[in-house]
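In: I'll drop the sequence and a predicted model, then ask my questions.
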Amino acid sequence: MSPDPTKVWFITGASRGMGEAFTTAALAAGHAVVATGRNPTAIETAHAQTDRLLAVRLDVTDVDEATAAVDAAMERFGRIDILINNAGSSFKGFFEEMSPAQVDAQLATNLVGPMNVTRAVLPVMRAQGSGHLIAISSGAGLVGFPYSSVYAASKFGLEGWMGALRHEVEPFGIHVTIVNPGWFRTGLASPESLIWPDVTVADYAERSAAQKQWWQAQDGQQSGDPVKLAAALIALTDAHPPPTRFVAGEDALALAERKIADLQADIDAYRELSASLSVDQPLER
Ligand SMILES: NC(=O)c1ccc[n+]([C@@H]2O[C@H](COP(=O)([O-])OP(=O)(O)OC[C@H]3O[C@@H](n4cnc5c(N)ncnc54)[C@H](OP(=O)(O)O)[C@@H]3O)[C@@H](O)[C@H]2O)c1
């Protein structure tokens, strides 16, 4: 199958990590890229100059910047075929150690941020009668881990919203793909990205210190290659229709299979009780 002709990609969090790899891969495949981030100059300097690249400032928590970035994309390229909601932050900590402000900030970046950008992009895709929304979720969008409960809330929220949105926008020819990366070697576990808890709770102190040390030790040790993930995304965006979900990496596959097995075991353990909850009288029509 030959690849599709040039498409216009709109990528959030393109300054580093996966977003940078997605930008590089899409440009190399001949596509046009609106690469957005909080530091557009860093994006421009990371890539060879080409009129197929437009670097735009976009903090995904800012509704007005989302609208302005989409306007800039339309002015330059006249369409948006693929939106990758990739930008994400990583708040680490036990739930009780996270301040309300930290919870708000985590959800603002990983859940409300993608909503802000998607709200700005959807009218364009509806008018085109086509488009592809891709959300970079996580293994933590499938299974919740300790010290990442608020991060998991943001990714589970992202998945619930995108899963439902899929049905809402399907009639307009718009596809939705959720991506669940396992561990990939980006800056996510670097001092630049990890955000530690604001609140100290003595009962958690020892476990919290051990978790912090573990997370810091992961930096540069992750098994996944973001360049390979970017190549996989190029292939997925050429698929007709694209998948509704892509589980990325062997570790993520193991997590997904564990989730299926756990859910099946939960169903089987109380199947009779679960199935016994209808009202006794037959339904009146
Ligand atoms: N790496 C992994 O193992 C892994 C696993 C599962 C899921 N993920 C997900 O993959 C996505 C990309 O993360 P990464 O691994 O590439 O991490 P990263 O190297 O830390 O990069 C994070 C990117 O998000 C951007 N960002 C953060 N807050 C933002 C905001 N408010 N507005 C716009 N951009 C913002 C950062 O921009 P600045 O340069 O301005 O900080 C940076 O470009 C995230 O959604 C993450 O949750 C990663």
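Out: Sure thing, it's come through. Numbers count the residues shown, from 1 in each chain.
In: all strands of the stretch 1-150 of the chain, in order?
Out: With strands called from DSSP state E, counting those that start in this stretch, the stretch 1-150 of the chain shows them at 8-11, 32-37, 53-57, 82-85, 90-91, 131-136.
In: which outside residues touch the last one?
Out: Defining contact as CB atoms under 8 Å, 6 or more residues apart in numbering, one finds that strand 131-136 is touched by 18, 80-86, 88, 114, 118, 121-122, 124-125, 158-159, 162, 165, 169, 172-179, 181, 233, 236-237, 242. Just so you know, the C-beta spots here come from the backbone N, C-alpha and C atoms, and that holds for glycine as well.
In: contacts with the ligand among the residues you listed, please.
Out: 18, 86, 88, 181 (CB under 6 Å from any ligand atom).
In: is it true that the first one touches residue 186?
Out: Just to be clear, that refers to residue 18. Yes: taking CB atoms under 8 Å as the definition, residue 18 is a contact partner of residue 186 at 5.6 Å.
In: sorry, back to before: buried subset of the contacts of strand 131-136?
Out: Among these, the ones that count as buried by 16 or more other CB atoms under 10 Å are 18, 80-86, 88, 114, 118, 121-122, 124-125, 158-159, 162, 165, 169, 174-179, 181, 233, 236-237, 242.
In: quick one: which of those sit in helices?
Out: For the buried ones among the contacts of strand 131-136, membership in helices holds for 18, 114, 118, 121-122, 124-125, 158-159, 162, 165, 169, 233, 236-237, with DSSP state H as the criterion.
In: look up how far residue 107 lies from the most centrally placed residue in the chain.
Out: With distances taken as CA atoms, centre = their mean, residue 136 lies nearest the centre of the chain, 2.2 Å away. Distance from residue 136 to residue 107, counting by CB to CB, to the nearest Å: 16 Å.
In: do residue 33 as well
Out: Residue 33 sits at a distance of 27 Å from residue 107 (criterion: CB to CB).
In: what sits closest to residue 119 if chain neighbours are left out?
Out: Of all residues not flanking residue 119 in the chain, residue 66 sits nearest, at 7.2 Å (CB to CB, 6 or more residues apart in numbering).
In: from residue 122, how far off is the one you found?
Out: Counting by CB to CB - residue 66 and residue 122 are separated by 11 Å.
In: and what of residue 162?
Out: In terms of CB to CB, residue 162 sits 12 Å off from residue 122.
In: ok, now residue 97?
Out: From residue 97 to residue 122 the distance is 37 Å (CB to CB).
In: how about the residues of the protein near the ligand?
Out: 12-13, 15-19, 37-39, 59-61, 86-89, 109, 113, 136, 138, 181, 183-184, 186-188, 193, 222.
In: circling back: give me the neighbour count for the residue nearest to residue 119.
Out: By other CB atoms under 10 Å, the residues close to residue 66 number 24.
In: do residue 70 as well
Out: 24.
In: repeat that for residue 95.
Out: 17.
In: local confidence estimate at the residue nearest to it when sequence neighbours are not counted?
Out: Spatial nearest neighbour of residue 95, excluding adjacent residues (CB to CB, 6+ apart): residue 149 at 4.5 Å. With respect to pLDDT, residue 149 scores 98.
In: for residue 149, what are its contacts?
Out: Residue 149 neighbours (CB under 8 Å, 6+ apart): 94-95, 98.
In: out of those residues, which is nearest to the ligand?
Out: Taking CB to the nearest ligand atom as the measure, residue 98 is the one of the contacts of residue 149 closest to the ligand, at 16.3 Å.
In: how far away is the closest one from residue 149?
Out: 8 Å.
In: before we move on, what about residue 16?
Out: Counting by CB to CB - residue 16 and residue 149 are separated by 25 Å.
In: same check, this time on residue 120
Out: Going from residue 120 to residue 149 by CB to CB gives 30 Å.
In: one more: residue 236?
Out: Taking CB to CB, one finds residue 236 at 30 Å from residue 149.
In: okay but residue 13 is in contact with residue 22, surely?
Out: No: the criterion here is CB under 8 Å, and residue 13 misses it with residue 22 at 9.2 Å.
In: those two: which is more packed in?
Out: A side-by-side neighbour count of residue 13 and residue 22, using other CB under 10 Å, places residue 22 first with 28 against 25.
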